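# show me how the following folds:
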Amino acid sequence: MKDEEAMDAFSSETVAIVTGASAGIGRALCLELGSRGVKVIALARRMDRLSALVRELEEQGHCASAIAVDVRDEGQITRAFDAVASRHGRLDILVNAAGIGRVAPLVAPDSEALAEMWAVNVHGLCVSTREALKIMRPSNRGHILHVSSLSGYRVQTGSGFYAATKHAVRALTEGLRRELRAEGSKVRVSAISPGDTESEFLKAMYGSSEAARAHQPAYQPMRSQDVAEAALHILSAPEHVEIHDILMRPVHQPD
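The predicted structure follows:
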C-alpha cells in the first residue's frame, strides 16, 4: 500500500490504544500511527519509557498520551480503557502488542514462568480485547490487531509453552472473528505473526544482554519497523477487507 493511501485510512479523530508500547514492535507501531495523525494511547509497565515515547511524538507535532498498565492485572486494564472512553468517547484501533517469552521447559518444577506467559500473552490480550469491544460496539466499527508470532504455526524445541500461548492467540483471532460476524458486527480482527525480529525480546527471555547475544541468529533479523509497516498495511485496509493474518520472517530464517 502506498504511503499516501495509508495516510487516507486514518484521520485526526482516529483513536488507537497500543499495549506493550514501551519497546519493540509496540513502540514502532505507536510512532507509525502517530505520524499519520492518529491519537495514540500507549500502554505498558515502564512509565519512564512511555513518557519518552510521548515526548518524541509530541515533538513531531503528534497527539499522544500514556497510561502505565501491567496487562497481568485485569483491574489496571479496565481502568485504563475506562479512562480512554471517558476522555475520547471512542476507540478505533486496539493493538495487542504486549507479549513475553521465557525459558520454561514444560517439565520444569517451577510453573511461575508458564503462568506469566499465559497471563500476558493470552489473558491480558483477552481482557484488553473485551474492554476495547465495549467502546467499539456502539459505533459498530473498529479494528483489533493481535501481534502474534510464527510460533503460532510451529513449535521450537524448548519453547513449547510459548508456542502454546501463540497457538492460543491464533485460535482467539479466528474465534473472535466468528463471534463478531455472528452478531453482525463490522468490527474487524486481525493478527500479524512475525519471525525473528530485533527487539528486547531475547534479553527479557534469557535475562541479560550477554545471554541474548549468544542466541542471536547469524542472519539479519527483521526490524521492529518492518513489522510495524506490515501491521499498518493491515490497519489501512478498506473497511470491506479483513486481513486475517500476515506471516513474515527474515529471508534466511530456516523455520
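# and the pLDDT at the spatially most central residue of the chain?
The centre of the chain sits closest to residue 97, judged by CA atoms, centre = their mean, with a distance of 1.7 Å. On pLDDT, residue 97 comes in at 98.
# residues near the nearest residue in space to residue 62 that is not next to it in sequence, how many?
Spatially, and ignoring its direct neighbours in sequence, residue 62 is nearest to residue 34 (3.9 Å; CB to CB, 6 or more residues apart in numbering). For the C-beta atoms, the positions are set from N, CA and C on the backbone; glycine is no exception. Using other CB atoms under 10 Å, residue 34 is surrounded by 24 other residues.
# low-confidence bits of this structure, can you list those?
The model of the chain has pLDDT under 70 over residues 1-8, 109, 200-215.
# ok, back up a step: for the residue nearest to the centre of the chain, give me its contacts.
18-21, 24-26, 29, 147 (CB atoms under 8 Å, 6 or more residues apart in numbering).
# shouldn't residue 152 be in contact with residue 166?
Yes - contact criterion CB atoms under 8 Å: residue 152 and residue 166 qualify, at 3.8 Å.
# name the residue in the two with the higher neighbour count.
The neighbour comparison of residue 152 against residue 166 (other CB under 10 Å) goes to residue 166, with 26 against 22.
# residues contacting that one?
Taking CB under 8 Å, 6+ apart, one finds 121, 148-149, 151-152, 193 in contact with residue 166.
# recalculate using a threshold of 6 Å.
Applying CB atoms under 6 Å, 6 or more residues apart in numbering, we find residue 166 in contact with 148-149, 151-152.
# and those residues as TSV, adding distance to residue 185 and secondary structure?
Conversion of those to TSV gives the following (distance: CB to CB, whole Å; DSSP: H, G, I helix; E, B strand; the rest coil):
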residue	distance to residue 185	secondary structure
148	21	coil
149	26	coil
151	29	helix
152	24	helix
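# what would those residues look like in CSV with distance to residue 128?
Shown next, in CSV, are the contacts of residue 166 (distance: CB to CB, whole Å):
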residue, distance to residue 128
148, 14
149, 17
151, 20
152, 18
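# farthest pair within those residues?
148 and 151 (8.0 Å; CB to CB).
# tell me which of those two has more neighbours.
For residue 148 and residue 151, the more surrounded residue by other CB under 10 Å is residue 148, and the numbers stand at 28 against 23.
# please enumerate the strands of this structure.
With DSSP state E as the criterion, the chain has strands at 15-19, 39-44, 64-68, 93-96, 143-147, 188-194, 245-248.
# in contact with the closest residue to residue 20 other than its chain neighbours, which residues?
Computed as CB to CB, 6+ apart, the closest residue to residue 20 that is not its neighbour in sequence is residue 98, at 3.3 Å. By CB under 6 Å, 6+ apart, the contact list for residue 98 reads 19-20, 71, 120.
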